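[1] Build me a structure from this.
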Amino acid sequence: MAEEKKSSANRSGNPDPATNSKDFFISYNGADKTWAEWIAWQLEEAGFSTILQAWDFRPGANFVLKMQEASAKAKRTIAILSPNYLRADFTQPEWVAAFRRDPQGSKGILVPVMVRDCRQELEGLWLQIIYINLVGLTEQTARKAVLEGINRDRNKPETPPVFPGVIQHNEIEEPHFPGNSTGDTRNSHKLIESKGSSSNIQPTISSDAEQENRVLMLLRRENVQNLKILDDFWRQVNECLKDYPLLGNLQKYHRLAYNILVPWTHLVWESHASLLPLVDEKAISRMYELNQNLDFFVLLRKKIQDVFDTDENKKLWNDLITWMKAYYGDDLKQREEAQHGTEGRELDRRAFQFSDSLTPLWNAINTLYQSIHNVGNPIL
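    Next up, the predicted model:
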């Protein structure tokens, strides 16, 4: 049964005045925008408040800060599952933030809703989380599935189940799964099949302590590796000022956008099921915080890269490099013109404006870098 409707005064998506929080943050990939809007509409019609990028992020706002604010302000997060969502780089920090607040799922903070079939692409933590399945449903049935799925109460039906009767079998058979592959609103988890015959399965002889040490050793190595990747990258970015001193921080921003950054590994997600019964929840939380911050670092870097990638700024950067080569070059005539000519002064002005526009993003990513180091390696 769906949750009881809230007061109609909250249907506009306004936050709860007592807490300034909203009920749901809708996390989605751009390819599923229509699904996200449809789900948000159904929730607000039912009296819930939502945060949706398409409705709430207005021109001029800082996208990354708005995402962080939405994640923190919303009580729960709905992840719109599809192949595009699972493959996207920038959706992961959104659902991970919700997962980190409720790693055991006891509060239902993360609510996945599958809108396009991607069961074969679910891996890692997604295999452990029950989702609402809207694939193949009619609009009325899908609306009912969403409202019932977000309900935290027991999902006992209003009518009694049909008596299955007595069926005679010549041999014992495994019970058949009664759900519908396209209409069931409960999770259809993948089955992990053992390789080879059952006679090849070896009994578990390792103790919990041995298992914990094995998992923690791998995670410790991963954390050290990720922090080293970040430090090496950051050092290269900050060592570039000697190239063209006149460009100042702008060349640092350019290196931040385009220097090679080796992808992080996130073994912690794959190890969650093994870690949960073994490690202090605070240690797990710190690991999620580290990995989430690393992903936010990539997101902020991409925002700077997007600024440089516009045709206008690409041309400006090429003009600036040509100017700098002449400014610091050996040709006296070219150097004189670059240092004192009208074109050089105009480029200097434009370089200053360009650099100034990127400073807020730089400050955000620099603060994040310091924050990552404050967390450090959660497992030492």
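[2] can you list the domains in this structure?
    Annotated domains of the chain cover 8-149, 208-375 [automatic domain parsing].
[3] for those domains, which one ends up most surrounded?
    Ranked by mean neighbour count, the domains of the chain are led by domain 8-149 with a mean of 18 (mean count of other C-beta atoms under 10 Å). To be clear about C-beta, it is placed using only N, CA and C from the backbone, and glycine gets the same treatment.
[4] any chance you could map the strands in the protein?
    Secondary structure of the chain, counting by DSSP state E: strands at 22-27, 50-52, 74-81, 110-114, 132-133.
[5] Put together CSV for those strands, with distance to Leu368 and mean pLDDT on each row.
    As requested, the strands of the chain are exported to CSV (distance: least, C-beta to C-beta, whole Å; pLDDT from 0 to 100):
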stretch, distance to Leu368, mean pLDDT
strand 22-27, 20, 90
strand 50-52, 22, 88
strand 74-81, 21, 91
strand 110-114, 23, 91
strand 132-133, 33, 90
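[6] Same list (those strands) but as a markdown table, adding distance to Trp126.
    Putting those into a markdown table (distance: least, C-beta to C-beta, whole Å) gives the following:
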| stretch | distance to Trp126 |
| --- | --- |
| strand 22-27 | 13 |
| strand 50-52 | 22 |
| strand 74-81 | 8 |
| strand 110-114 | 7 |
| strand 132-133 | 13 |
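[7] Mind checking those for the one nearest to Phe296?
    In terms of C-beta to C-beta, the element of those nearest to Phe296 is strand 22-27, at 14.2 Å.
[8] bridging residues for Asn133?
    Residues in a beta bridge with Asn133, per DSSP bridges, are Met114.
[9] contacting residues for Asp231?
    With contacts taken as C-beta atoms under 8 Å, 6 or more residues apart in numbering, Asp231 has no neighbouring residues.
[10] any idea which helix is longest in the chain?
    In the chain, assigned by DSSP state H, the helix with the most residues is helix 342-375.
[11] Any idea which of the domains of the chain gets closest to Pro161?
    Pro161 sits nearest to domain 8-149 of all those, at 16.4 Å, using C-beta to C-beta.
[12] Can you give the distance from that closest one to the centre of its chain?
    In terms of C-alpha atoms, centre = their mean, to the nearest Å, the centre of domain 8-149 is set 12 Å apart from its chain centre.
[13] can you check stretch 222-241 too?
    Taking C-alpha atoms, centre = their mean, one finds the center of stretch 222-241 at 22 Å from the center of the full chain.
[14] Just the pLDDT for the spatially closest residue to Lys314 that is not a sequence neighbour.
    Residue nearest to Lys314 in three dimensions, not counting chain neighbours: Phe308, with 7.0 Å by C-beta to C-beta, 6 or more residues apart in numbering. Phe308 is assigned 90 on the pLDDT scale.
[15] contacting residues for the spatially closest residue to Thr359 that is not a sequence neighbour?
    Excluding the flanking residues, the one nearest Thr359 by C-beta to C-beta, 6+ apart is Asn249, at 7.4 Å. Residues in contact with Asn249 (C-beta under 8 Å, 6+ apart) are 241, 355, 358-359, 362.
[16] re the thing from before, need the domains of the chain in a markdown table (columns: distance to Glu158).
    Converted to a markdown table, those look like this (distance: least, C-beta to C-beta, whole Å):
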| stretch | distance to Glu158 |
| --- | --- |
| domain 8-149 | 11 |
| domain 208-375 | 35 |
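[17] how far away is Gln334 from Leu361?
    Between Gln334 and Leu361 the computed distance is 33 Å (C-beta to C-beta, to the nearest Å).
[18] Please disregard the earlier target; I meant Asn29.
    Counting by C-beta to C-beta - Asn29 and Leu361 are separated by 22 Å.
[19] And for Glu312?
    17 Å.
[20] what does Leu299 give?
    With distances taken as C-beta to C-beta, Leu299 is found 11 Å from Leu361.
[21] now swap in Glu222 and tell me
    From Glu222 to Leu361 the distance is 28 Å (C-beta to C-beta).
[22] Find the nearest non-adjacent residue to Gly149, please.
    Gly149's closest residue in space is Ile132 (C-beta to C-beta, 6+ apart), at 3.6 Å.
[23] The one you found is in contact with Lys144, isn't it?
    No: checked against C-beta atoms under 8 Å, the pair Ile132 and Lys144 is beyond contact range at 10.6 Å.
[24] what ranges do the helices span in the stretch 51-200 of the chain?
    For the stretch 51-200 of the chain, the helices defined by DSSP state H, counting those that start in this stretch occupy 53-56, 63-73, 83-87, 92-101, 139-149.
[25] With the stretch 251-380 of the chain instead?
    Ranges of helices within the stretch 251-380 of the chain are 267-270, 272-275, 281-308, 311-327, 332-340, 342-375, based on DSSP H, counting those that start in this stretch.
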